[in-house]
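Enquirer: Just need the structure, nothing else, for what follows:
(2 chains)
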Amino acid sequence: MNIGITLIGQMLSFALFVWLTMKYVWPPLMSAMEERRKRVAEGLAAAERGKLELDIAQKKATDELRKARESGAEFRGIAEKQAAQIVDEARQEATRIIAQARTAAEKEAAVAVQRAKEELRERVVQLSVAGAERILRREIDAKKHIELLSDLKQELR
Amino acid sequence: MATESLTPTQYIVHHLTNFTVGDGIKAVNVDTLFFSFILGVAFLTVLILAARRATAGVPGPLQNFAEIMVEFVDKQVKDIFHGRNPVIAPLALTIFCWVFLWNAMDVVPVDLFPQAWQQIYGATGHDPHHAYLRVVPSTDLNATFGLSLSVFLLIIFYSFKVKGLRGFAKEIFTHPFGPYLMPANLILNIVELIAKPVSLALRLFGNMYAGEMIFILIALLYGAGWLLGPFAGVLQLGWAIFHLLVITLQAFIFMVLTIVYLSMAHEDSH
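Expert: The predicted structure follows:
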């Protein structure tokens, strides 16, 4: 056993190795691990946040959908009502127009009837006068009996 | 296997003698220095390579390995030591890796390197019978004491640095029996302080020396004839497997005790 220079040499190389480990091994590995730990933590947090946001968005979407459905139903109700109203109005208008037309036609018809009656009466008077003339050719003086004839005309009216 | 010309005693002694250059106080155990330095360079090369390529992204297998080591040591340090010190954790990592590799040399077949060395030594014109080689640095007290004395120096250094001269003196003179039993305190504390490096070094040395000795004895058994020869193979395998446990455990113990001693040096009173 010769303790001496070997021991000192061992201590020196130990010091060298510790120094190298301290300088070139420990810090890079520790910082890499710390950095990774941070990254993983960030990733997990981001995932959590994403999940939360997804939840919110889903809720929002459902809400939006429900709202849209509601407003759609509302619009349809209004539209239906409006359509019914329009149809109703149209029907009323039609009824009115029909009634108007009928009155006009009736009026016209009445006028026509009146006119026909006039004509007929005129005709009847002429025919009666002509007949009477033919019968009473000689006996009736048109000028003498004009009064009588117009009376007759009046009566036929 | 024993060379024909050697008796078992000579074989054992041959294996447990260092390759030494120089005489007396100037003697240097070249094999211890060489193997421990190579092993230190080996683990540092791997770790520095891993650290150079370290990314915060997906780590490769090398980085995974390095991170497992670093995290393992870091956990031990954080469990034991609660102060702030940038030296202790890298120191512990160095001790663990280095001591583990020293000890791991124990499971290399006992004759592999010595036989090769004998060939080289003989080929370069020296007497092959003097080609001593001890490949396990932890079976050399120089190596184990080299480590533990470094730790001892750090204990002293941090005791002064953290507690100051007065604080450290107060601790040495007044603990654990109070100021009226100053001499007793002093003796007790000095013994305690010196016991730390001595126990560290001797524990590692003793375990590894004994392990190496048993490997040598098993190797001798190979030459003991047809009956005992095959038995030696079983024994060697069993002892090697068991020894893997011892190797790791001793490296771990050395590391943990170093952390404990250094953390004690940081505490105001223990």
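
Enquirer: what pLDDT does residue 77 get?
Expert: Since no chain was named, I'll use chain A. Model confidence at A:G77, given as pLDDT, is 94.

Enquirer: To clarify, I was referring to chain B.
Expert: For B:V77, the model assigns a pLDDT of 94.

Enquirer: That one against B:I259, yeah?
Expert: Yes: using Cβ atoms under 8 Å, B:V77 is in contact with B:I259, at 5.6 Å. For glycine as for every other residue, the C-beta is placed from the backbone atoms N, C-alpha and C.

Enquirer: Overlap of the contact sets of those two?
Expert: B:I88, B:A92 (Cβ atoms under 8 Å, 6 or more residues apart in numbering or on different chains).

Enquirer: Secondary structure element holding residue 100?
Expert: Since you didn't name a chain, this refers to chain A. Taking DSSP states H and E as the criterion, A:Q100 maps to helix A:26-135.

Enquirer: switch to chain B, that's the one I care about
Expert: helix B:88-104.

Enquirer: And B:L33, how far from chain A?
Expert: As judged by Cβ to the nearest Cβ, to the nearest Å, B:L33 and chain A stand 5 Å apart.

Enquirer: Check chain A for the residue nearest chain B and tell me.
Expert: A:Q10 (2.8 Å; Cβ to the nearest Cβ).

Enquirer: what's the one residue in chain B that gets nearest to chain A in contact with, if anything?
Expert: Proximity of chain B to chain A (Cβ to the nearest Cβ) peaks at B:G146, 2.8 Å away. Shown in contact with B:G146 (Cβ under 8 Å, 6+ apart): A:T6, A:L7, A:I8, A:G9, A:Q10, A:M11, A:F14.

Enquirer: what about it, which SS state?
Expert: State at B:G146, reduced to three classes by DSSP: H, G, I helix; E, B strand; the rest coil: helix.

Enquirer: tally of neighbours for residue 143?
Expert: Here I'm looking at chain A. A:K143 has 7 neighbours, counted by other Cβ atoms under 10 Å in any protein chain shown.

Enquirer: Let me rephrase: I mean chain B.
Expert: 31.

Enquirer: So it is in contact with A:Q10, correct?
Expert: Yes: if you go by Cβ under 8 Å, B:A143 and A:Q10 touch, sitting 5.2 Å apart.

Enquirer: where do the contact lists of these two overlap?
Expert: B:T32, B:S36, B:P137.

Enquirer: Which ones among these lie within strands?
Expert: Judged by DSSP state E, strands contain none of those.

Enquirer: can you list these in CSV and add pLDDT and neighbour count?
Expert: Output for the shared contacts of B:A143 and A:Q10, formatted as CSV (pLDDT from 0 to 100; neighbours: other Cβ atoms under 10 Å in any protein chain shown):
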residue, pLDDT, neighbour count
B:T32, 89, 28
B:S36, 93, 30
B:P137, 91, 31
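
Enquirer: okay if I get those residues as a markdown table plus distance to A:S128?
Expert: Putting the shared contacts of B:A143 and A:Q10 into a markdown table (distance: Cβ to Cβ, whole Å) gives the following:
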| residue | distance to A:S128 |
| --- | --- |
| B:T32 | 172 |
| B:S36 | 166 |
| B:P137 | 167 |
